[in-house]
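Undergrad: got a predicted structure plus its sequence, pasted below:
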Amino acid sequence: MDMRDWIAARLGRRFLVLLSIELLTASLVFLGLFLGIYSHQLQQERAQASTQVNELLQVALENAMLKRDLDGLRDIIYYLGRQEKIRRVSIVNPEGEVRFSSLPATVNDKMDSEPEGFAVGRTRFLVDEFGQEVLRSVNPVHNREPCSRCHGPVAEHPINGTLIVDYDAASIRSSAVKGALLLIASGGLVVVAALGGVWVMLRRHVLRPVRILQEAAKRVGSGDLEARADLPGHDELAELGDSFDSMTQELQNGIEALRRQEAFLQAVMDAVPAGIRVIDQDFRIVKANRMYCQQQGVALDQVIGRPCYASSHGRSERCPPTLLTCPLVETFKEGASIKCMHRHKTAEGAEFPVEVHAAPLKLSDGRSLVIEAISNMTDHVRFSHEQKLSALGQLAAGVAHEIRNPLASVRLALQASLRSADQGVMDPAEVSNYLRLVDGQVDKCIDVTDRLLRLSANGGGVPQLVDINRAVVETLSLLNWEAEAGQVQMVTELDAHEPRVLADDGEIRMIVLNLVQNAFHAMPKGGKLIVGSHLAGGLVELSFRDNGIGIPKDALPRIFDPFFTRRAGGQQGTGLGLTICRSLVKNMGGEITVVSVEGDGAAFTVCLPAAEGGLS
């Protein structure tokens, strides 16, 4: 028998034992009451019989007295005493003397007149003078008018004597015992039948449903949320089963909802292009996204539960906070977000530079966590280079247009010179004019390529003195064809003091290029763009104001986030142009801000330290 059967059987036995005890107790109580009532009934019956005998003897006595037939009275008493279950019949005079008796030897004996043995009008069990237990019935023999001649007036002598009938107590008790045994046997059969019926009902309507509920509960406990009791009927246990099934269904729905939320949260985290990991107070990683796993070159199950210092730094113990800025320690200490630069290690031990943004997270259960957003700086460099190439690619059409016109002029001049040479009528002055034209157009082509090279050049990280006005004018010249194609009017408002900054010339031109092209995208149906420069208070301000569609209020805080893009007309962009602009500006010690009202254009302002201010 397995544990389930044992529990069910134990519960059944408990019910059976308790029910047996209850039925046995009730039977014993009932038997005791029955015996008492039965004994009392026997006494009443014997008392009634004695009363009837007394009435009979009264009549016989009156007749005997009237006829003076005392021998007939003695015979009546004698033969009455010989009846089955009657031990003795006596008539006692008022003085207690036995006058007539079925036992002649007791005639003229003095009868015990104590209350328990000689109480007139009572019937009770007692032990007689012979040591035998009897049921004695004591009844008065009343004086009547015909007897008054011998016994005196009725008023003065109401009682002529007392009739005493002793019944055999053993036979009476034997009858009582037989009745009790018969009752016990009948009661036992009733109890057994009742127990059998109750046991069948108990197993069918209690133990079986309880076992089904227990099995369903075990299945649910082992993870089988499809388990149901499905108890039939409409009783309390069936309602309990319905409640259990409803609870299990709610539990299943809740767990499925949690799983969906967990999957959704993981999908959201996996969609973030930066590495994300969540760390608890024990320095254990409790959550991570796909990008973090890719950065480390491991699977997700190899990340969850590992110490953060082992996962990203390949250490066997915590990073010393005095030698390394630990985002977890600093975030818990400061209670605010922090940013730091680290070098992480892949699973193979290769190091790569990262930028870590850490923020605290307080859960409702009191736990404190830290969320880290980890950006691979190697990827940033690659993205920056790709964005730069993408921007240069967009210039290709305009640059080709600017170079094509001078080349067309060069070709016309050369073709005219060739025709003159073929005809043998070359005019030196005309050839000289053609050559000057070719030389001028080649200078234009060289100028265009120089501007393009300055835009794409890599300064090698060494700051140089950059003329802001010249960088703006030359960059805008590369965008003339794109502006004309988009019906955008470009206007410059440049400071006459020719402001200069210490920076990378190519990066300054890339900032101008990205912000101008960003303005073009905001004016899909054409418009006006004003590019200005202003020197004030040791700062150089570069402004880009357009009258395009503006930036929605909800998108304004996110426009500098990586990969966030929302161009007019639903066009898709890389989402890196403004991010790179902000990164370049910050690296130069400057700041970029934006003011915009949706439907009323936008104004971007770049503030950089002026070279004059920086050198003073």
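TA: Ah, there it is.
Undergrad: name the helix or strand of the protein that has the lowest mean pLDDT.
TA: helix 115-118 (a mean of 46; mean pLDDT, DSSP states H and E).
Undergrad: helix or strand right after that helix?
TA: Downstream of helix 115-118, the first helix or strand assigned by DSSP states H and E is strand 123-127.
Undergrad: mean confidence for that following strand?
TA: Strand 123-127 shows a mean pLDDT of 78.
Undergrad: just stretch 214-234 next, same as before
TA: Taken as a whole, stretch 214-234 has a mean pLDDT of 83.
Undergrad: what's the mean pLDDT across the helix or strand hosting Val585?
TA: Secondary structure assigned from DSSP H and E places Val585 in helix 577-587. For helix 577-587, mean pLDDT is 80.
Undergrad: check contacts around Cys319.
TA: Taking CB atoms under 8 Å, 6 or more residues apart in numbering as the criterion, Cys319 is in contact with Tyr309, His313, Cys326. Every residue, glycine included, has its C-beta placed from N, CA and C.
Undergrad: in the helix or strand hosting Asn253, what counts as buried?
TA: For Asn253, the enclosing helix or strand under DSSP H and E is helix 236-271. By 16 or more other CB atoms under 10 Å, the buried positions in helix 236-271 come out as Leu237, Ala238, Gly241, Phe244, Asp245, Thr248, Gln252, Met269.
Undergrad: surely the fourth one and Gln214 touch.
TA: No - taking contacts as CB atoms under 8 Å, Phe244 lies outside contact range of Gln214: 10.5 Å.
Undergrad: list the contacts for Asn160?
TA: Per CB under 8 Å, 6+ apart, neighbours of Asn160: Leu61, Asn93, Pro94, Val141, His142, Asn143, Cys147, His151.
Undergrad: among the residues you listed, which are located in strands?
TA: Val141, His142 (DSSP state E).
Undergrad: top of the contacts of Asn160 by number of neighbours, please.
TA: Leu61 (25 neighbours; other CB atoms under 10 Å).
Undergrad: tell me the pLDDT of it.
TA: On pLDDT, Leu61 comes in at 63.
Undergrad: low-confidence stretches in the stretch 501-616 of the chain?
TA: Where the stretch 501-616 of the chain drops to pLDDT under 70, the residues are 562-576, 612-616.
Undergrad: repeat for the stretch 251-400 of the chain
TA: Where the stretch 251-400 of the chain drops to pLDDT under 70, the residues are 322, 378-400.
Undergrad: now do the strands in it.
TA: For the stretch 251-400 of the chain, applying DSSP state E, counting those that start in this stretch gives strands covering 275-279, 285-288, 338-345, 351-362, 368-376.
Undergrad: where do the strands sit along the stretch 1-150 of the chain?
TA: 86-92, 98-101, 123-127, 133-142.
Undergrad: so what are the domain limits for this protein?
TA: 3-175, 267-376, 457-616 (automatic domain parsing).
Undergrad: first-to-last residue distance for the shortest one?
TA: The one in question is domain 267-376. 20 Å (CA to CA, to the nearest Å).
Undergrad: same deal with stretch 545-560?
TA: Stretch 545-560 has its terminal residues 17 Å apart, counting by CA to CA.
Undergrad: now swap in stretch 296-313 and tell me
TA: Termini of stretch 296-313 sit 10 Å apart (CA to CA).
Undergrad: so what's Val540 bridging to?
TA: Leu535, Leu608 (DSSP bridges).
Undergrad: OK, contacts around it?
TA: Going by CB under 8 Å, 6+ apart, Val540 touches Ile468, Pro499, Arg500, Val501, Ser533, His534, Cys607, Leu608, Pro609, Ala610.
Undergrad: who wins for neighbours among those?
TA: Across the contacts of Val540, neighbour numbers were computed from other CB under 10 Å; Val501 holds the maximum, 28 neighbours.
Undergrad: wasn't it part of a strand?
TA: Yes - under DSSP: H, G, I helix; E, B strand; the rest coil, Val501 falls within a strand.
Undergrad: how far away is it from Lys586?
TA: 14 Å (CB to CB, to the nearest Å).
Undergrad: quick one: the spatially most central residue of the chain from Glu598, how far?
TA: The centre of the chain sits closest to Gly254, judged by CA atoms, centre = their mean, with a distance of 6.1 Å. Gly254 is 42 Å from Glu598, where distance means CB to CB.
Undergrad: can you check Glu507 too?
TA: Between Glu507 and Glu598 the distance is 30 Å, computed by CB to CB.
Undergrad: in CSV, list the domains of the chain along with distance to Ile184.
TA: CSV is the format used below for the domains of the chain (distance: least, CB to CB, whole Å):
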stretch, distance to Ile184
domain 3-175, 6
domain 267-376, 66
domain 457-616, 91
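Undergrad: and the ones you listed: which comes nearest Arg259?
TA: domain 267-376 (12.3 Å; CB to CB).
Undergrad: could you find the closest non-adjacent residue to His497?
TA: Leu535 (5.1 Å; CB to CB, 6 or more residues apart in numbering).
Undergrad: my read: that neighbour touches Ala496, true?
TA: No - using CB under 8 Å, Leu535 is not in contact with Ala496, being 9.3 Å away.
Undergrad: which one of these two is surrounded by more residues?
TA: Between Leu535 and Ala496, counted using other CB under 10 Å, Leu535 has the larger neighbour count: 19 against 8.
Undergrad: following the helix holding Val585, which helix or strand shows up next?
TA: By DSSP H and E, the next helix or strand past helix 577-587 is strand 591-596.
Undergrad: that following strand - contacts with which helices or strands?
TA: helix 577-587, strand 602-609 (3 or more CB pairs under 8 Å, 6 or more residues apart in numbering; DSSP states H and E).
Undergrad: again, only this time at 6 Å
TA: strand 602-609 (3 or more CB pairs under 6 Å, 6 or more residues apart in numbering; DSSP states H and E).
Undergrad: so how far is the strand it packs on from its chain's centroid?
TA: 51 Å (CA atoms, centre = their mean, to the nearest Å).
Undergrad: for stretch 347-359, same thing?
TA: 35 Å.
Undergrad: before we move on, what about stretch 122-134?
TA: From the chain centre to the centre of stretch 122-134 is a distance of 82 Å (CA atoms, centre = their mean).
Undergrad: do stretch 204-212 as well
TA: 30 Å.
Undergrad: for the stretch 1-150 of the chain, what are the low-confidence residue spans?
TA: The stretch 1-150 of the chain contains residues with pLDDT under 70 at 1-16, 31, 34-36, 38-62, 64-68, 112-121, 146, 148-149.
Undergrad: how about stretch 88-107: buried residues?
TA: Under 16+ other CB under 10 Å, the buried positions of stretch 88-107 are Arg88, Val89, Ser90, Ile91, Val92, Asn93, Val98, Arg99, Phe100, Ser101, Ser102, Leu103.
Undergrad: surely the second one is in contact with Arg82?
TA: No - using CB atoms under 6 Å, Val89 and Arg82 do not qualify as a contacting pair, with a distance of 9.3 Å.
Undergrad: circling back: any chance of the buried residues of stretch 88-107 in TSV, with distance to Tyr78 too?
TA: Converted to TSV, the buried residues of stretch 88-107 look like this (distance: CB to CB, whole Å):
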residue	distance to Tyr78
Arg88	11
Val89	8
Ser90	11
Ile91	12
Val92	16
Asn93	18
Val98	13
Arg99	13
Phe100	9
Ser101	8
Ser102	5
Leu103	9
